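*Asks:* Structural data only, the sequence is not supplied:
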């Protein structure tokens, strides 16, 4: 068991996705009381029921102030407090070269990945300050936040912005509130299935061939399992690393810029 997680109240956004679900499951196994938040309220509710231990499922659009507030409010209303917040919700958009990008896709990706991260971070930190007992805030970033790749400019730019938010928040929050980012590489999730299709098409190949090429690029020669990313998330949020603050932790199987 990881130090300091048992009994903590944690919110995970994007909970119905691969990394979100795995993180909810890992935190629940560590004794956390969970708010599983997702824009798909039905799937969030199903996950909460499966998690047990009083877990709550919440439908929330984190790109709106009301959605971010609902995530924090669910923790306070059901458990009386908020201790940990994993701002994990994100979308990939579609892969195109910059000259071919649709501004509507840009707006959609930034609404969730940047505006959503900002609003959730704002709401979580405000609650931590009100409680006066510290807290842990973790953002899911990506290796895309520290490198550039062809055809993914919108997604990469959005994740670069998340790192800027983390670095600024870390300088603003009072002692006891820790703010960090987790930057996974390629992970075996629904999002990667989508990117294999669109990035493969942009590269002039099919999804299967693109996946094989991606796996060969990774020194470990495979995608990460969502559970491996969740393990890192739980570790960062735990009291095992209390001096970790303002950091970006990459989990990329050796794939680095």
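*Replies:* Thanks, I have it. Owing to the predicted nature of the structure, the values given are computational and were not obtained by experimental measurement.

*Asks:* from memory residue 194 sits against residue 93, does it?
*Replies:* No - taking contacts as C-beta atoms under 8 Å, residue 194 lies outside contact range of residue 93: 9.2 Å. Every residue, glycine included, has its C-beta placed from N, CA and C.

*Asks:* the more surrounded of these two?
*Replies:* Using other C-beta atoms under 10 Å, the more surrounded residue of residue 194 and residue 93 is residue 93, with 25 against 16.

*Asks:* My guess is that one contacts residue 105. True?
*Replies:* Yes - Residue 93 lies in contact with residue 105 (C-beta under 8 Å); the separation is 4.9 Å.

*Asks:* Please enumerate the helices of the stretch 151-257 of the chain.
*Replies:* Assigned by DSSP state H, counting those that start in this stretch, the helices in the stretch 151-257 of the chain fall at 153-172, 190-202, 207-217, 226-237.

*Asks:* residue contacts, the closest residue to residue 28 other than its chain neighbours?
*Replies:* Of all residues not flanking residue 28 in the chain, residue 51 sits nearest, at 4.6 Å (C-beta to C-beta, 6 or more residues apart in numbering). Listed by C-beta atoms under 8 Å, 6 or more residues apart in numbering, the contact set of residue 51 reads 24, 25, 28, 34, 36.

*Asks:* Identify the contacts common to residue 93 and residue 105.
*Replies:* With C-beta under 8 Å, 6+ apart as the test, residue 93 and residue 105 both reach residue 154.

*Asks:* contacting residues for the residue nearest to residue 178 when sequence neighbours are not counted?
*Replies:* Once flanking residues are discounted, residue 178 sits nearest to residue 245: 4.8 Å by C-beta to C-beta, 6+ apart. Residues near residue 245 by C-beta under 8 Å, 6+ apart: 170, 178, 179, 180.

*Asks:* Who does residue 86 form a beta bridge with?
*Replies:* Following DSSP bridges, residue 86 is listed with bridge partners residue 12, residue 138.

*Asks:* Could you measure from it over to residue 123?
*Replies:* Between residue 86 and residue 123 the computed distance is 13 Å (C-beta to C-beta, to the nearest Å).

*Asks:* The two: which is more packed in?
*Replies:* With neighbours defined as other C-beta under 10 Å, residue 86 and residue 123 compare such that residue 86 has more, 30 against 23.
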